[in-house]
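In: Sequence first, predicted coordinates after that:
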Amino acid sequence: MRKYFGTDGVRGIANKELTCDLAYRLGRAGGYVLSEGRDKVKVVVGKDTRVSGDMLESALISGLMSVGCDVLVVGVIPTPGVSYLTKKYEADCGVVISASHNPVEYNGIKFFNKDGFKLDDDIELKIEEYIDNIEKVDYTPVGENVGKKIIIQNAQDEYIDYLKSIVNINLKGLKVVLDCANGASYIVAPKVFEKLGADVIVINDEPNGNNINDNCGSTHPQKLQEVVKEKNADLGLAYDGDADRLIAVDEQGNIVDGDYIMILSAIYLKKKNKLKNNTLVITVMSNLGLTICAKENGINLVTTKVGDRYVLEEMKNSGYNLGGEQSGHMIFLDYNTTGDGVLSSLMLSQIIKEEGKTLSQLSSVMNKYPQVLVNARIKNENKDKYMEFEDIKSEIQRIENLLDGYGRVLIRPSGTEPLVRVMIEGKEESQINKLATDLANLIEKKLS
């Protein structure tokens, strides 16, 4: 059972749950495990713009240097930038200090291995063993063997140049609005779009340490929708705090979520004969409309549990190169080893430019089915027992029969709270809203 690592690194309220002491021990334990007894290893460390980043960075790199790691500090940069630079600099691992789309009081520490992938579970568990028994880290170098802090001045430019080389298309005539969430993309995204010739309007690009994700970015795209319409832009692109996800807005101000972007990318790559095994990897939360659209376009789907780590695991194991989540995490595995919001936005812009169609015209290829999500609050020990009750099983079956192939029921126990999430998808929102509410009430009654 994990104590510190969740599905996306170690997270918590900075200076309360994710303390400097924990960051130091994480650096020392992580550096020790990942160095595998070697004298000198290189570690790339980047962060987003939240105020606690400097504090946690200082503690983390102290821990890393205390076991002899040389730390390449790349400053504020998107999470996928650290993944890319870890490989480019031939480092032994990379670390990102970020809490992604979460509010400013939270922060997190996430490791990548030398190939830019998230750490395997067994390595994270090994690091946890040492965090709680830090005295067992038996390597304390002195003198010239102590690790060094090396500040990399041009890290953002190297990442920008890489992104530019992937797309390598003239975006002249394309007017885009970028919502940088006052986060890690605030320099990288505008620069790369400008270098490719786009007409760029930027909002939420003035981070002050406290305004990251504050009513902006991919989780709050309302302002972006307004600006796209006001400026008569071709599209809007919203990133989250660490820029590993993307939500788009079409020229009419409509939200274009990850499901739309994934299927448009899959169709585009298939046309170019670049979609490996003709397959897109999605999660159980992807809309039924995507499933229908994929079938109509001759694209295979593989479905995983919710979480980009599970999408990536399936992609690596089965040789696929495109996958992602409705929330906007999209992985183009030919180019990067983690979700990359800026790369996804460039790929989407390339599709619009090459196809010569508006985003709303392109998005019409998929009809999105209404989804309703209702939480059922229950006893924590009962989260996985809902199918043991005949009343609940028969009600789920009744709903699925009623939807008759044009909808579905999905029950997901929460990983962090005493509740299960009831999601129903179907053609009629009023119908599925009542069905989801009634089913959630039944689950609460039986399992509370």
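Out: Everything's here; your move. On a predicted model such as this, the values are computed, not experimentally measured, just so you know.
In: Buried ones in the top helix by length along the chain, by neighbour count?
Out: Using DSSP state H to define each element, the chain has its longest helix at helix 429-447. Across helix 429-447, burial judged by 16 or more other C-beta atoms under 10 Å covers 431-432, 435-436, 439-440, 442-444, 446-447. From N, CA and C alone the C-beta is placed, and that goes for glycine too.
In: same question, stretch 268-288
Out: For stretch 268-288, the neighbour count (16+ other C-beta under 10 Å) marks 268-270, 275, 279-283, 285-288 as buried.
In: Mind checking which of these land in helices?
Out: Cross-referencing these against helices under DSSP H gives 268-270, 288.
In: related to what we said a few turns ago, just give me how far the longest helix of the chain sits from the chain centre.
Out: Chain-centre distance of helix 429-447: 30 Å, with C-alpha atoms, centre = their mean, to the nearest Å.
In: Now do it: which elements does it pack against?
Out: Applying 3 or more C-beta pairs under 8 Å, 6 or more residues apart in numbering; DSSP states H and E, one finds that helix 429-447 makes contact with strand 371-377, helix 390-403, strand 419-425.
In: could I have it exported to PDB, CA atoms only?
Out: The C-alpha trace of helix 429-447 is given here as PDB (Å, rounded to 0.1, in the frame of the first residue of the first chain):
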ATOM      1  CA  GLU A 429     -30.100  14.600 -20.500                       C
ATOM      2  CA  SER A 430     -33.300  14.900 -18.400                       C
ATOM      3  CA  GLN A 431     -33.800  11.100 -18.500                       C
ATOM      4  CA  ILE A 432     -30.200  10.200 -17.500                       C
ATOM      5  CA  ASN A 433     -30.100  12.900 -14.900                       C
ATOM      6  CA  LYS A 434     -33.100  11.300 -13.100                       C
ATOM      7  CA  LEU A 435     -31.700   7.800 -13.600                       C
ATOM      8  CA  ALA A 436     -28.200   8.800 -12.200                       C
ATOM      9  CA  THR A 437     -29.800  10.600  -9.200                       C
ATOM     10  CA  ASP A 438     -32.100   7.600  -8.400                       C
ATOM     11  CA  LEU A 439     -29.200   5.100  -8.700                       C
ATOM     12  CA  ALA A 440     -26.900   7.200  -6.500                       C
ATOM     13  CA  ASN A 441     -29.600   7.400  -3.900                       C
ATOM     14  CA  LEU A 442     -30.100   3.700  -4.000                       C
ATOM     15  CA  ILE A 443     -26.400   3.100  -3.500                       C
ATOM     16  CA  GLU A 444     -26.200   5.500  -0.600                       C
ATOM     17  CA  LYS A 445     -29.200   3.800   1.000                       C
ATOM     18  CA  LYS A 446     -27.700   0.300   0.700                       C
ATOM     19  CA  LEU A 447     -24.000   1.200   1.500                       C
END
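In: Now do it against strand 419-425, angle only.
Out: 150 degrees (axes from the mean of the first three to the mean of the last three C-alpha atoms, to 10 degrees).
In: Show me the contact partners of helix 429-447.
Out: The contact list for helix 429-447 (C-beta atoms under 8 Å, 6 or more residues apart in numbering) reads 370-379, 382, 385-386, 389, 391-392, 395-396, 399, 402, 407, 409, 411, 420, 422-426.
In: Put the buried members of those residues into a ChimeraX selection.
Out: To isolate the buried members of the contacts of helix 429-447 in ChimeraX, using 16+ other C-beta under 10 Å:
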select :370,371,372,374,376,378,382,385,386,389,392,395,396,399,407,409,411,420,422,423,424,425,426
